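Engineer: Predicted model and sequence follow; I will ask about them next.
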Amino acid sequence: MKRLVMFAAAIAIAAPVYAQNVATVNGKPLTQKQVDQFVSLLVSQGAKDSPQLREQVKQEMIGRMVAVQAAEKAGIDKQASVKQEIELARQGILVRALMADHLKKNPITDAKIQADYDTIKKEQAGRQEYKLRHILVKDEKAAQDLISQIKSKKITFAEAAKKDSIDPGSGKNGGELGWAPTSNYVPEFAQAVESLKKGQMTDKPVQTQFGWHIIEVEDTRPIEFPSLEKVKPQITEMLRQQELGEYQQKLMKAATIK
């Protein structure tokens with residue numbers, strides 16, 4: 001009787017230990033804690049915790065354990081190239097964790113985002129965007145002849161664009177390029193646009209890497225700066241990268257490199 005009581009007590013004590021294992025693979029346990037950690041990682045990446053997810057994770061981890069054990073039995077883990085790959089993966093994980101830890105301790109606050117937004121908005125103040133149309137041809141003489149014809153009203157700008165422009169996108173639309181800041185264009189084109197006023201056309205053809213352009217400014221307007229709500233994700237990411245870049249530079253400066 002005493003032995004039976006002791007056996008029952010041993011089972012009671014051991015039960016929680018066995019309950020912590022969700023499976024054993026060739027004698028090696030897969031613990032509930034391991035499954036929970038994997039699930040937590042997936043949830044942090046956007047997955048929704050559910051019995052189905054947990055079962056999928058369990059089966060995935062069992063499959064991995066089977067494959068890893070087979071690889072170790074075959075000595076794959078001892079191969080130089082594999083050891084190097086494992087080390088590189090380890091380094092990558094540590095670097096990502098270090099960067100995440102730094103951002104956790106030095107978060108990008110709303111105050112920082114607002115300050116950066118205000119700075120960018122101030123820098124962009126006064127910038128214009130232009131409604132343009134252009135004609136693109138292969139040589140300067142052809143462009144100059146078209147300018148003369150347009151000025152003498154022998155042909156309209158739109159007609160000349162449809163007839164002679166080699167820009168397939170805008171040519172069929174009478175040369176229309178729509179609204180855009182000059183930063184959208186190559187430097188030579190942008191400089192020519194900025195020298196023109198509303199309603200003006202270039203007196204001389206403008207050469208770029210694409211050919212010779214005749215440019216007309218149909219209209220201008222101040223650039224409407226987007227609200228903070230619209231650009232907050234981009235500013236946040238930019239500040240994150242800036243913070244991490246500065247942190248990496250600080251680490252490099254503090255290191256002894258010979």
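Structural biologist: Noted; the coordinates are in hand.
Engineer: where exactly do the helices run in the protein?
Structural biologist: 2-19, 32-44, 51-73, 80-105, 110-124, 140-151, 157-164, 168-171, 187-194, 228-254 (DSSP state H).
Engineer: can you put those in CSV and add distance to D203 and mean pLDDT?
Structural biologist: C-beta here means a position set from N, CA and C on the backbone, and glycine is covered the same way. Converted to CSV, those look like this (distance: least, Cβ to Cβ, whole Å; pLDDT from 0 to 100):
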stretch, distance to D203, mean pLDDT
helix 2-19, 87, 46
helix 32-44, 62, 93
helix 51-73, 68, 95
helix 80-105, 55, 97
helix 110-124, 30, 94
helix 140-151, 7, 97
helix 157-164, 14, 96
helix 168-171, 21, 92
helix 187-194, 10, 97
helix 228-254, 39, 97
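Engineer: ranking those helices by burial, who's on top?
Structural biologist: helix 157-164 (a mean of 18; mean count of other Cβ atoms under 10 Å).
Engineer: Let me know the angle separating that one from helix 140-151.
Structural biologist: Helix 157-164 and helix 140-151 are oriented at 150 degrees to each other (axes from the mean of the first three to the mean of the last three Cα atoms, to 10 degrees).
Engineer: picking that back up, right, and the helices of the chain - which one's nearest I214?
Structural biologist: I214 lies closest, by Cβ to Cβ, to one member of those: helix 140-151, at 5.7 Å.
Engineer: For the spatially closest residue to E159 that is not a sequence neighbour, grab phi and psi.
Structural biologist: Of all residues not flanking E159 in the chain, G174 sits nearest, at 7.7 Å (Cβ to Cβ, 6 or more residues apart in numbering). With angles defined as degrees, to the nearest 10, G174 sits at phi 70, psi 20.
Engineer: which residues sit in contact with G174?
Structural biologist: R133, F157, A158, E159, A161, K162 (Cβ atoms under 8 Å, 6 or more residues apart in numbering).
Engineer: Can you give me the distance of the nearest residue to the first one once chain neighbours are set aside to W212?
Structural biologist: To tie it back to what came earlier, the one meant is R133. Nearest residue to R133, sequence neighbours excluded (Cβ to Cβ, 6+ apart): G175, at 3.6 Å. According to Cβ to Cβ, to the nearest Å, G175 stands 14 Å off from W212.
Engineer: Pick out whichever of those two has more residues nearby.
Structural biologist: Between G175 and W212, G175 has the larger neighbour count (other Cβ atoms under 10 Å), namely 26 against 21.
Engineer: okay but that one is in contact with S165, surely?
Structural biologist: Yes: taking contacts as Cβ atoms under 8 Å, G175 lies within contact range of S165: 6.1 Å.
Engineer: what residues do the two have in common as contacts?
Structural biologist: H134, I135.
Engineer: According to the record, where do the domains of this structure fall?
Structural biologist: Domain assignment for the chain, taken from automatic domain parsing, gives 2-78, 84-121+226-258, 126-222.
Engineer: Next, the distance between the ends of the second one.
Structural biologist: The reference is to domain 84-121+226-258. End-to-end distance of domain 84-121+226-258 (Cα to Cα, to the nearest Å): 23 Å.
Engineer: Thank you kindly, that will do.
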